[in-house]
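Q: Sequence isn't available, so here's the structure alone:
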């Protein structure tokens with residue numbers, strides 16, 4: 001018999017749960033977009049309680065993005081890429097006491113870490129925003145609406161539950177400026193195209209030949225074009241680089257996430273599928289044209305900050321949004337034509353202050 005769900009506890013006043021000079025642990029292990037959403041939680045907490053020390057638990061893949069972050073005291077690393085070190089990383093959590101631990105991930109893996117955390121208050125979302133029994137690791141389970149809210153909003157709701165306002169706040173990204181040579185000779189109006197997604201999410205990709213045609217058209221309009229790609233994505237970027245010889249390559253493997261963030265920060269518009277770099281662009285203030293396809297944009301779409309409104313494109317089909325992990329013919333994204341994307345880019349460029 002499945003055990004009953006733990007009761008949802010009422011929130012306490014903020015001064016009881018989070019004392020002056022307190023310490024908070026934010027848990028979001030992966031993926032890139034969701035780590036960026038969790039940085040909204042960090043920013044909102046820091047804005048309202050600058051006296052609080054904030055630590056962040058994250059997978060090793062995203063450690064460098066959080067390094068030297070001005071609002072984070074300590075980055076604790078879950079060594080996913082070296083599983084032999086996992087017992088040591090769990091024991092490391094026992095060395096620090098926290099007033100509050102916030103699990104904005106809400107799955108079995110994050111719950112395992114919450115069980116090891118020494119915190120007076122372990123706070124996380126109720127179903128449907130959590131799953132795999134994660135709620136059994138909390139002593140304060142926060143009610144969530146059905147359907148669940150945007151991933152970033154979950155963190156703000158957890159802050160409200162501990163007595164804070166939970167108002168949305170622009171995240172801080174420790175971006176690194178790219179080499180000046182990357183933009184040398186390019187027009188001042190710049191668009192970055194990012195054709196890739198993770199191999200796991202390959203069915204979300206817009207065809208690389210359409211990125212190539214878009215790159216060619218933008219260059220003909222006198223717009224500077226940068227083609228961004230991550231490790232192993234050179235083949236996806238190659239058609240666009242070949243079709244627009246005036247474009248520049250932004251190798252995320254060489255730049256790193258912080259360097260890619262700095263590159264996007266110096267571009268006016270970023271065009272990408274539903275992938276981590278899309279959310280990185282939104283976080284640093286670039287206007288985004290999101291080629292979305294299968295996922296629910298209301299839960300996973302790019303976040304608008306400081307009045308920026310992004311455009312989310314998809315081809316309407318009866319089966320979207322869906323929860324599938326693969327699709328042989330994802331018409332929701334394949335049905336987006338180049339004319340539609342080009343028009344969206346031009347609309348976004350028209351909104352950029354000269």
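A: All right, it came through fine. Quick caveat: nothing in here was measured; it's all calculated off a predicted structure.

Q: which residues of the stretch 1-150 of the chain score low on pLDDT?
A: Along the stretch 1-150 of the chain, segments meeting pLDDT under 70 span 1-16, 84.

Q: Now stretch 58-77: buried residues?
A: Buried residues in stretch 58-77, counted by 16 or more other Cβ atoms under 10 Å: 58-63, 65-66, 69, 71-72, 75-77. Glycine gets a C-beta too; all of them are placed from N, C-alpha and C.

Q: Report how far apart the opening and closing residues of it are.
A: 5 Å (Cα to Cα, to the nearest Å).

Q: I would like the residues contacting that stretch, please.
A: When contacts are defined by Cβ atoms under 8 Å, 6 or more residues apart in numbering, stretch 58-77 is touched by residues 25, 28-30, 32, 35, 39, 42-43, 46, 53-57, 78-82, 89, 92-93, 172-174, 256-258, 261.

Q: thinking again about what came up before, quick one: which of the buried residues of stretch 58-77 is nearest to residue 217?
A: residue 65 (32.3 Å; Cβ to Cβ).

Q: In which helix or strand does the closest one reside?
A: In the assignment (DSSP states H and E), residue 65 maps to helix 63-66.

Q: Check residue 270 too.
A: In this assignment (DSSP H and E), residue 270 forms part of strand 269-273.

Q: could you say what helices and strands that strand packs with?
A: strand 190-194, helix 276-283, strand 287-291, helix 338-350 (3 or more Cβ pairs under 8 Å, 6 or more residues apart in numbering; DSSP states H and E).

Q: Residues contacting it, please?
A: The contact list for strand 269-273 (Cβ under 8 Å, 6+ apart) reads 190-197, 201, 204-206, 211, 214, 228, 264, 277-278, 281, 286-293, 333, 341, 345, 348-349, 352.

Q: Counting neighbours, which of those residues end up buried?
A: Neighbour-count burial (16+ other Cβ under 10 Å) applied to the contacts of strand 269-273 gives 190-197, 201, 204-206, 211, 214, 228, 264, 277-278, 281, 286-293, 333, 341, 345, 348-349.

Q: hmm, back to that, which members of the buried residues of stretch 58-77 are positioned in strands?
A: If you go by DSSP state E, the buried residues of stretch 58-77 have 58-59, 75-77 in strands.

Q: Which element, helix or strand, includes residue 216?
A: helix 208-220.

Q: Next, the angle from that helix to strand 190-194.
A: Interaxial angle, helix 208-220 versus strand 190-194 (axes from the mean of the first three to the mean of the last three Cα atoms, to 10 degrees): 170 degrees.

Q: which residues in the protein form strands?
A: 23-27, 53-59, 74-78, 97-103, 118-125, 140-142, 190-194, 224-229, 248-251, 269-273, 287-291, 311-313.

Q: What's the end-to-end length of stretch 321-340?
A: One end of stretch 321-340 to the other measures 20 Å (Cα to Cα).

Q: Would you mind listing the buried residues in that stretch?
A: 321, 327, 330-334, 336, 338.

Q: out of those, who's nearest residue 186?
A: Among the buried residues of stretch 321-340, and counting by Cβ to Cβ, the member closest to residue 186 is residue 338, at 21.6 Å.

Q: isn't the closest one right next to residue 213, touching?
A: Yes - using Cβ atoms under 8 Å, residue 338 is in contact with residue 213, at 5.0 Å.

Q: List the contacts of the nearest residue to residue 155 once chain neighbours are set aside.
A: Of all residues not flanking residue 155 in the chain, residue 41 sits nearest, at 3.1 Å (Cβ to Cβ, 6 or more residues apart in numbering). By Cβ under 8 Å, 6+ apart, the contact set of residue 41 is 26, 102, 104, 152, 155-156, 158-159.

Q: most neighbours, which of these?
A: In terms of neighbours by other Cβ atoms under 10 Å, the contacts of residue 41 top out with residue 102 at 32 neighbours.

Q: From residue 74, how far out is that residue?
A: Separation of residue 102 from residue 74 (Cβ to Cβ, to the nearest Å) stands at 15 Å.
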